[in-house]
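**Student:** give me a model of this one.
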Amino acid sequence: MKYPHTGVAIEEALTKCLTDYGIKEKIFTITLDNASNNKAACDLLQESGKADMLFGGQHLLIRCCAHILNILVQDGMNIAGNTIELIRDLVRHINSSPSRVQAFNEIAERECLDTKAGLVLDIPNRWNSTYAMILEAVKYKIVLKRYATSQQQPFPTEVEWNKAESIGKFLGVFEETTRAFSADRFPTSHLFLVNVLYIHQALRSHAWQDDRIIKELASAMDKKFDKYWGGNYNMVLVIATILDPRHKFDFPDFFYEKVCENFVDIDLSKNMAKDWLGKYFRKYEEVIRRNGTSLGPQVDVSNSMASYSPVLMQGKRKIHCEFAQFRSQRRGSWVQKSELDAYLEEPPVREDENFEILTWWKTNSNKYPVLSAMARDVLAIPLSTVSSESAFSLGGRILSDNRSSMTPQTLEALVCCKDWLYKYLTNEGNFNSPTCTNS
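**Tutor:** Predicted structure coming up:
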């Protein structure tokens with residue numbers, strides 16, 4: 001897209017793309033990061049396409065969970081930055097030349113540790129790289145200490161090492177959650193409430209209260225948590241949790257009791273989840289009926305009796321009719337439960353690490369035709385934009401683990417050179433474009 005990337009410009013690009021593909025009236029959700037222009041674009045898209053979108057697009061925007069989690073951790077890392085600065089400088093010193101890496105490896109071999117081609121050096125705007133750096137530094141602590149002594153380099157004190165280890169353990173919770181949010185080989189939407197609760201509980205755990213640094217770090221992150229996730233949950237993601245047959249309504253109820261501050265909020269949240277689940281179920285049921293799709297397993301009596309004689313077929317039909325009438329009279333005012341009620345009242349599926357939610361819904365699609373149609377749509381929602389951004393982003397190939405010390409000016413120059421060269425090649429060597437001339 002051309003600059004500026006305003007909400008209007010993004011909405012126009014989205015609309016053009018969706019229209020070109022002929023899917024504008026089929027859009028359900030869009031997963032975007034938390035930038036204000038993305039929010040504005042979704043608001044405009046919802047306003048222009050209300051008639052076509054499910055429930056007027058009320059649940060259109062899914063905010064990228066990986067981006068929000070990154071914002072949370074970055075706020076905390078601003079507080080803990082000084083604690084790990086010495087480790088970062090020492091790792092950078094080792095990685096700066098092959099001879100220093102060799103000196104490090106000689107010490108590692110004497111300590112019966114694996115040699116390294118280079119140590120993990122973090123990238124300031126990627127918090128999970130800081131976690132990886134701390135994790136490796138703790139493992140090679142004795143090697144780093146002896147190396148620093150031999151090279152006369154500053155080395156963290158025992159107190160600073162303890163702080164670094166505490167930060168590493170604390171960040172481990174968020175590393176696992178980031179991986180869960182960013183997965184692209186299996187559904188993630190039903191994992192939203194579970195992982196948000198992990199974060200919520202980790203930030204407010206009493207285990208951190210005795211550590212001043214971690215307490216300050218958790219407090220800073222908790223403020224951001226309240227800003228982005230404090231009761232602001234996209235109801236489609238709550239429904240995705242309910243459509244996990246291992247959880248159903250049990251986990252959302254448990255979740256609200258954990259995160260809501262008073263009983264009124266708990267009841268309101270639970271009732272809202274039930275209302276929206278009912279609304280979506282009735283809408284999908286209506287669509288399936290309108291499209292003429294079967295809502296349950298059908299038994300073709302005529303085909304099953306094709307091999308019988310006409311007299312026997314007539315007798316069997318009569319028996320079937322009489323039995324149906326007999327059963328109806330016997331059960332009196334019995335009313336068949338809805339598909340949704342039947343699903344919710346059945347015991348949850350047993351927890352199993354090999355459980356595959358898509359396989360379960362495929363297997364039970366005849367039993368729950370409406371809910372399985374809902375599950376196909378809801379479970380397709382990605383919780384993050386990490387995988388799609390990685391496919392198109394140049395930043396990861398320029399600012400890599402091995403090239404993480406570049407200044408912002410150098411990084412900008414490399415990106416600009418790439419853009420200018422691409423412009424030059426696509427214009428058959430014409431450097432007279434406004435972009436290149438101004439530069």
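
**Student:** C-alpha only now, for contacts and for neighbours.
**Tutor:** OK.

**Student:** now for residue 206, how many residues are close by?
**Tutor:** Counted with other CA atoms under 10 Å, residues neighbouring residue 206 total 10.

**Student:** could you do residue 158 as well?
**Tutor:** 9.

**Student:** any idea of the pLDDT on it?
**Tutor:** Listed pLDDT for residue 158 reads 86.

**Student:** and for residue 273?
**Tutor:** 94.

**Student:** what's the answer for residue 78, then?
**Tutor:** 75.

**Student:** repeat that for residue 114.
**Tutor:** In this model, residue 114 is scored at 91, pLDDT.

**Student:** quick check: it is in a strand.
**Tutor:** No - under DSSP: H, G, I helix; E, B strand; the rest coil, residue 114 sits outside any strand and is assigned coil.

**Student:** now it: closest residue in space, sequence neighbours ignored.
**Tutor:** residue 108 (6.6 Å; CA to CA, 6 or more residues apart in numbering).

**Student:** report the contact partners of that neighbour.
**Tutor:** With contact set as CA atoms under 8 Å, 6 or more residues apart in numbering, residue 108 has these partners: 114, 115, 140, 143.

**Student:** what about residue 256, distance to residue 229?
**Tutor:** As for residue 256, its distance to residue 229 is 12 Å (criterion: CA to CA, to the nearest Å).

**Student:** so between the two, which is more surrounded?
**Tutor:** Neighbour count, other CA under 10 Å: between residue 256 and residue 229, residue 256 has more, with 21 against 16.

**Student:** contacts only, for that one.
**Tutor:** Taking CA under 8 Å, 6+ apart, we find residue 256 in contact with 266, 269, 270.

**Student:** what's the separation between it and residue 202?
**Tutor:** From residue 256 to residue 202 the distance is 16 Å (CA to CA).

**Student:** same question, residue 379
**Tutor:** 26 Å.

**Student:** okay, the two: which has more neighbours?
**Tutor:** Neighbours were counted for residue 379 and for residue 202 using other CA under 10 Å; residue 379 has more, 23 against 18.

**Student:** test my guess that that one contacts residue 189.
**Tutor:** Yes - at 5.7 Å, residue 379 counts as touching residue 189 under the criterion of CA atoms under 8 Å.

**Student:** what do these two both touch?
**Tutor:** Residues touching both residue 379 and residue 189 (CA under 8 Å, 6+ apart) are residue 240.

**Student:** okay, residue 404: pLDDT?
**Tutor:** Turning to residue 404, the model gives it a pLDDT of 63.

**Student:** what's residue 249 in contact with, if anything?
**Tutor:** Contacts of residue 249 by CA under 8 Å, 6+ apart are 241, 242, 344.

**Student:** just the ones of those in helices?
**Tutor:** Among those, the members found in helices (DSSP state H) are 241, 242, 344.

**Student:** contact partners for the first one?
**Tutor:** Read it as residue 241. Contacts of residue 241 (CA under 8 Å, 6+ apart): 189, 190, 191, 192, 193, 247, 248, 249, 251, 252.

**Student:** what of the last one?
**Tutor:** Contacts were defined as CA under 8 Å, 6+ apart; by that measure residue 344 touches 248, 249.

**Student:** quick check: nearest residue in space to residue 277, chain neighbours excluded?
**Tutor:** The nearest residue in space to residue 277 (CA to CA, 6+ apart) is residue 239, at 6.2 Å.

**Student:** what sits against that neighbour?
**Tutor:** 273, 276, 277, 378 are the contacts of residue 239 under CA under 8 Å, 6+ apart.

**Student:** of the residues you listed, which is the most crowded?
**Tutor:** In the contacts of residue 239, the most neighbours by other CA under 10 Å go to residue 378, 23 neighbours.

**Student:** identify the residue spatially nearest to that residue, adjacent ones excluded.
**Tutor:** residue 240 is the one closest to residue 378 (CA to CA, 6+ apart), at 5.9 Å.

**Student:** any idea of the mean pLDDT for the helix or strand encompassing residue 149?
**Tutor:** If you go by DSSP states H and E, residue 149 is part of helix 141-151. Averaging pLDDT along helix 141-151 gives 92.

**Student:** kindly report the same for stretch 103-111.
**Tutor:** 93.

**Student:** pull out the buried residues from it.
**Tutor:** Residues 104, 105, 106, 107, 108 are the ones in stretch 103-111 that count as buried (16 or more other CA atoms under 10 Å).

**Student:** heading C-terminal from the strand or helix carrying residue 105, find the next helix or strand.
**Tutor:** Using DSSP H and E, residue 105 sits in helix 98-110. Scanning forward in sequence from helix 98-110 by DSSP H and E, the next helix or strand is helix 127-139.

**Student:** which other residues reach that following helix?
**Tutor:** So helix 127-139 is in contact with 70, 73-74, 77, 84, 87-88, 119-124, 144, 161, 164-165, 168, 171-172, 175, going by CA under 8 Å, 6+ apart.
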